[in-house]
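K.L.:
3D, please:
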Amino acid sequence: MKSGKTPHGNRFDRPFHKGRGEAKRSRQSFIIGRQPVIEALKSGKPVERVFIQRNAGGDIIHTIRELALAHRVPVNAVPEEKLNQLSRANHQGCIAIASIVTYHDLQDVISFIVEKGEIPLFLLLDGITDVRNIGAIARSAVCCGAQAIVLPEKGVAPLNEEAMKTSAGALEHIFICREENLSKAVEILHLNGLHVLASDGRGGKLLHECDFNRPVAVILGAEDKGVHPDLLKKADTVFRIPMAGKFDSFNVSVAAGISLYEAMKQRMN
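P.N.:
Model prediction:
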């Protein structure tokens, strides 16, 4: 691994503690003010997102942006009204949201899983903006033996309290990776020998015809748009889930559960 550490710090362990269950926080935790945000980013504290007031400038704001970029934390330029809604404190034009999960480097996670002797089974979530869907997908992923979920920095639902609750705590039982975009994630997966599958209603292969007894990553897209065309082109195989009736499609969390169950079934035989 690049860092010389496991994805969970210094311990060869899963990224959770047994019995913790659902998140205990009742509200999102904010980091308010420029210097506190800088200190949080420098210390490596998990940060979900940074909000910076539009037109804010200066050396400190520049430093915050650089630190956020280095730690792959999304930055949103927002009007002052948005910041005032988040907090009535003196925010100095900058508020960060502390993350309830720890994000891991994709390459580190791949190395860790392979070194443990496991066959990688990862999920990539493209444009899924409903936190309940992400929570439900995480729950199915843990139940079916997937080791990691890969998210892009932008265009995806935040992993907040609702996502944790919907997942029944599963988000604490699986590695969560956040990459700049999923195209780069696919490149990393390919370099490590993973076969990348993409779910699409027009796929030329049926789900059960795919081979899950090898290192695999599955891309799932939002129900309205599906997997982005550029990602479909990068996938090694595009599959579809057979349906008995003529209907639009499965809910994305249901499609994830079906796909993951097929992978688990093949690996148990």
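
K.L.:
mind checking how far Asp105 is from Arg72?
P.N.:
9 Å (CB to CB, to the nearest Å). Bear in mind the C-beta positions are built from the backbone N, C-alpha and C, glycine included.

K.L.:
Which stretches in the protein count as helices?
P.N.:
Applying DSSP state H to the chain gives helices spanning 34-43, 59-70, 80-86, 106-115, 131-143, 161-166, 182-191, 229-234, 252-268.

K.L.:
what comes into contact with the third one?
P.N.:
With CB atoms under 8 Å, 6 or more residues apart in numbering as the contact definition, helix 80-86 has outside contacts at Phe30, Phe51, Gln53, Arg54, His91, Gly93, Cys94, Ile95.

K.L.:
Highest neighbour count among those?
P.N.:
The most crowded member of these is Ile95, carrying 26 neighbours; neighbours defined as other CB atoms under 10 Å.

K.L.:
Give the other helices and strands that the helix or strand bottoming out on mean pLDDT in the chain contacts.
P.N.:
Within the chain, no helix or strand scores below helix 161-166, which has a mean of 88 by mean pLDDT, DSSP states H and E. Helix 161-166 sits against helix 131-143, with contacts defined as 3 or more CB pairs under 8 Å, 6 or more residues apart in numbering; DSSP states H and E.

K.L.:
and for the helix it packs on, what are the contacting residues?
P.N.:
Under CB under 8 Å, 6+ apart, the answer for helix 131-143 is 123, 125, 128, 149, 156-160, 162-168, 170-171, 173-174, 220, 251-253, 256-257, 260-261.

K.L.:
residue contacts, Gln266?
P.N.:
Asp211, Phe212, Asn213.

K.L.:
which of these are buried?
P.N.:
Those of those that meet the buried threshold are Phe212, by 16 or more other CB atoms under 10 Å.

K.L.:
ok so, going back, just the closest of the contacts of helix 80-86 to Arg202, please.
P.N.:
Using CB to CB, Phe51 is the member of those that lies nearest Arg202, at 38.6 Å.

K.L.:
Please report how far that closest one lies from Glu162.
P.N.:
19 Å.

K.L.:
Next, name the residue at the spatial heart of this structure.
P.N.:
In the chain, the centroid-proximal residue (CA atoms, centre = their mean) is Leu151; its distance is 3.1 Å.

K.L.:
shouldn't that one be in contact with Leu123?
P.N.:
No - with contacts counted by CB atoms under 8 Å, Leu151 stays clear of Leu123, the gap being 9.4 Å.

K.L.:
And Cys144, its phi and psi?
P.N.:
phi -100, psi 10 (degrees, to the nearest 10).
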